[in-house]
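J.: Turn this into a model:
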Amino acid sequence: MQAKAKKNICMSLVMMLLIMASACQVGDAAESVPAGFELTTFATGFTEPVALATTPDGRVFVAEKGGNVWVVSDVNTAPSLFVSIEAYTASECGLLGMALDPDYAANRYVYFFVTVTSDEQRIIRYTDQDDIGADATIIRAGLPTSGQVHNGGGLRFGPDSKLYFSIGDTGQSELSQQMQTFAGKICRINPDGSTPDDNPFTTPTGTPRAIFALGFRNPFRFCFAPDGRLFVMDVGSNGESRREEINLVQSGDNGGWPVVEGVGQAEVEGTFIQPLVAYGEQGAAITGCVVYDQTQFPSQYRGGLFHLDFVSNKMFFMSLGDEVGASHAEFMQAENGVTDLTLGPDGGLLYTEMFTGNIKHLRFATASAIIVDDLADTDNVSGAQDNVPNDRSSGNANRLCGNGMALMMIPIGVVFASFRKHGRCV
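T.: Numbers count the residues shown, from 1 in each chain. The predicted structure is shown next:
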């Protein structure tokens with residue numbers, strides 16, 4: 001009887017997974033990589049991994065949405081638990097972002113962005129003491145959340161050694177244009193949590209604000225180029241006008257949300273930046289990104305930007321040379337809820353799969369020449385012409401899949417967590 005009940009539980013979970021995956025059309029294509037590249041599993045066994053960071057000595061930190069942080073020291077060694085942070089995990093909440101201090105080799109500081117309650121998020125710093133997190137220090141408290149959606153969670157150090165973090169509009173779009181809240185903003189602080197004097201905005205009394213740029217819906221991930229350029233991935237809205245955006249953001253910029261979305265809306269009153277890329281049919285939740293500054297890949301990829309889409313499970317590549325944005329095109333088909341992307345210890349790329357708990361490793365394996373132009377599909381290059389209605393932006397698919405990371409992150413994650421709890425379905 002017990003075995004039969006266990007099997008029934010597993011079958012129910014499988015049915016839930018199939019129904020939800022079918023409704024959202026997540027991961028409906030098999031993995032495929034360009035010629036000359038190989039994709040392997042770097043590490044496995046995690047529960048909803050959402051953030052990655054690689055240390056100068058080649059170890060990899062893996063943060064789970066539920067609050068556990070692991071260290072992978074070697075592909076042949078089981079991960080070790082670095083710290084377990086108490087996180088509030090409803091909907092899109094949880095442990096969401098991670099960054100290493102620029103002087104990590106000396107101070108061993110690791111920073112985390114985490115939802116701690118239904119109405120508060122924090123940035124917390126730990127000291128790495130032989131792969132154990134110690135000396136918890138709150139860097140910033142009282143960061144906004146609705147306890148549901150659009151929490152942001154991006155956390156990165158810029159080339160200026162300042163700590164940047166992102167928060168979405170928390171489900172209240174009007175907050176993105178209001179200077180009294182960090183909702184819908186990219187913020188910039190000193191590593192100790194204080195506010196730099198050269199930030200672009202001040203309070204009515206002249207005190208510097210932590211806000212660096214405003215007008216975003218849910219900038220879940222962002223990344224820097226070595227020359228200091230900041231690229232912000234802003235998750236799109238619902239409906240026919242939904243667009244996933246890549247924005248080149250400078251100090252004091254306004255992304256325009258909720259007044260505008262996508263490109264080609266210069267007629268709208270206000271001074272807003274135009275996204276470099278705005279796409280709709282190629283995906284529905286833009287996520288992890290990295291500027292590739294290593295040498296393991298062929299030279300045509302060096303200095304370019306790779307990014308993921310959580311819903312279409314695709315990886316894209318975009319040259320950052322002349323006419324930046326024009327070369328944006330699909331690079332490979334991934335699977336299973338891709339969320340974060342970082343440089344690997346060997347100069348390849350690592351990315352997270354939320355639904356399987358795997359960390360995947362992409363590297364160039366052969367000396368065969370790969371020409372970027374051969375990968376680019378000019379029919380799918382994003383631009384102003386993409387601001388037109390499309391079939392995926394209407395009806396039930398829009399209502400279910402247009403809500404950024406909430407669309408599949410929790411329900412399918414619960415299913416896979418239940419598999420681990422109940423054992424194999426045999």
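J.: Enumerate every residue touching Pro219.
T.: 152, 154, 166-168, 186, 232-235 (Cβ atoms under 8 Å, 6 or more residues apart in numbering). In short, each C-beta sits where N, CA and C put it, glycine included.
J.: can you list those in CSV and add secondary structure and pLDDT?
T.: Below are the contacts of Pro219 laid out as CSV (DSSP: H, G, I helix; E, B strand; the rest coil; pLDDT from 0 to 100):
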residue, secondary structure, pLDDT
Gly152, coil, 98
Gly154, coil, 98
Ser166, strand, 98
Ile167, strand, 98
Gly168, coil, 98
Ile186, strand, 99
Val232, strand, 98
Met233, strand, 98
Asp234, strand, 98
Val235, coil, 98
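J.: top of those residues by neighbour count?
T.: Counting neighbours by other Cβ atoms under 10 Å, Gly152 leads the contacts of Pro219 with 34 neighbours.
J.: mind listing what that one touches?
T.: Residues counted as contacts of Gly152 (Cβ under 8 Å, 6+ apart) are 96-97, 113, 165-168, 218-220.
J.: what about the longest strand in this protein?
T.: Using DSSP state E to define each element, the chain has its longest strand at strand 133-143.
J.: same question for whatever helix or strand comes next after that one, mean pLDDT?
T.: Sequence-wise, the next helix or strand downstream of strand 133-143 (DSSP states H and E) is strand 155-157. Mean pLDDT, strand 155-157: 98.
J.: What are the contacting residues of strand 155-157?
T.: So strand 155-157 is contacted by 51, 96-102, 111-113, 123, 163-166, 191, 222-224 (Cβ under 8 Å, 6+ apart).
J.: What about these, which are in strands?
T.: Reading strands off those with DSSP E, I get 51, 96-100, 111-113, 123, 163-166, 222-224.
J.: Give the burial count for Glu38, as a bare number.
T.: Glu38: 12 neighbours (other Cβ under 10 Å).
J.: Could you find the closest non-adjacent residue to it?
T.: Take Glu38 and drop its neighbours on the chain: the residue closest to it by Cβ to Cβ, 6 or more residues apart in numbering is Ala365, 4.1 Å away.
J.: Was I right to think that neighbour contacts Thr40?
T.: No. Assessed by Cβ atoms under 8 Å, Ala365 is found out of contact with Thr40, at 9.7 Å.
J.: between these two, who's got more neighbours?
T.: Using other Cβ under 10 Å, the more surrounded residue of Ala365 and Thr40 is Ala365, with 15 against 12.
J.: Report the separation between the more buried one and Leu308.
T.: For Ala365, the distance to Leu308 equals 21 Å [Cβ to Cβ, to the nearest Å].
J.: Kindly report the domain assignment for this protein.
T.: 1-26+410-426, 31-407 (automatic domain parsing).
J.: Just give me the lowest mean pLDDT stretch among these.
T.: Taking the mean pLDDT of these, domain 1-26+410-426 comes last: a mean of 38.
J.: Arg125 and Phe82, how far apart?
T.: Arg125 is 13 Å from Phe82, by Cβ to Cβ.
J.: hang on, Pro191 packs against Ser161?
T.: Yes. Counting by Cβ under 8 Å, Pro191 touches Ser161, with 7.3 Å between them.
J.: More neighbours: which of those two?
T.: Legend: neighbour count by other Cβ under 10 Å for Pro191 and Ser161, higher for Pro191 (18 against 11).
J.: excluding its backbone neighbours, what's nearest the more buried one?
T.: Leu163 (5.4 Å).
J.: likewise Gly58?
T.: Pro345 is the one closest to Gly58 (Cβ to Cβ, 6+ apart), at 3.8 Å.
J.: Tell me how many other residues surround that neighbour.
T.: Burial measure for Pro345: 18 neighbouring residues, criterion other Cβ under 10 Å.
J.: got the contact list for it?
T.: Each residue near Pro345 by Cβ under 8 Å, 6+ apart is listed here: 54, 58-60.
J.: what about it, which helix or strand?
T.: Here Pro345 is assigned to no helix or strand, by DSSP H and E.
J.: burial of the nearest residue to Thr115 once chain neighbours are set aside, as a residue count?
T.: Counting by Cβ to Cβ, 6+ apart, Thr115 lies nearest to Cys93, which is 3.7 Å off, once chain neighbours are set aside. Residue crowding around Cys93 was assessed by other Cβ under 10 Å; the count is 25.
J.: what about the helices in this protein?
T.: For the chain, helices defined by DSSP state H occupy the ranges 2-24, 104-107, 372-375, 395-401, 409-422.
J.: Relative to Val232, how far out is the residue nearest to Arg188 when sequence neighbours are not counted?
T.: Spatially, and ignoring its direct neighbours in sequence, Arg188 is nearest to Phe212 (4.0 Å; Cβ to Cβ, 6+ apart). Using Cβ to Cβ, Phe212 is found at 10 Å from Val232.
J.: Give me the common contacts of the two.
T.: 186, 249.
J.: can you tell me the distance between the two ends of stretch 169-183?
T.: For stretch 169-183, the first-to-last residue distance is 5 Å (Cα to Cα, to the nearest Å).
J.: can you check stretch 94-103 too?
T.: End-to-end span of stretch 94-103 (Cα to Cα): 26 Å.
J.: Spit out the contact partners of Thr287.
T.: With Cβ under 8 Å, 6+ apart, Thr287 has these contacts: 220-221, 233, 235, 307-310, 338-341, 405.
J.: Out of the residues you listed, which is nearest to Val72?
T.: Asp340 (14.1 Å; Cβ to Cβ).
J.: Would you mind confirming that the closest one makes contact with Val50?
T.: Yes. If you go by Cβ under 8 Å, Asp340 and Val50 touch, sitting 6.0 Å apart.
J.: Filter the ones in strands among the contacts of strand 155-157 down to the buried ones and hand me the PyMOL line.
T.: Of those, the buried ones can be selected in PyMOL as follows, counting by 16 or more other Cβ atoms under 10 Å:
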select buried, resi 51+96+97+98+99+100+111+112+113+123+163+164+165+166+222+223+224
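J.: Identify the contacts common to Asp340 and Val50.
T.: Common neighbours of Asp340 and Val50 (Cβ under 8 Å, 6+ apart) are Thr352.
J.: And the strands in the stretch 251-400 of the chain?
T.: Secondary structure of the stretch 251-400 of the chain (DSSP state E, counting those that start in this stretch): strands at 277-279, 286-291, 305-309, 314-318, 329-333, 338-343, 349-353, 358-364.
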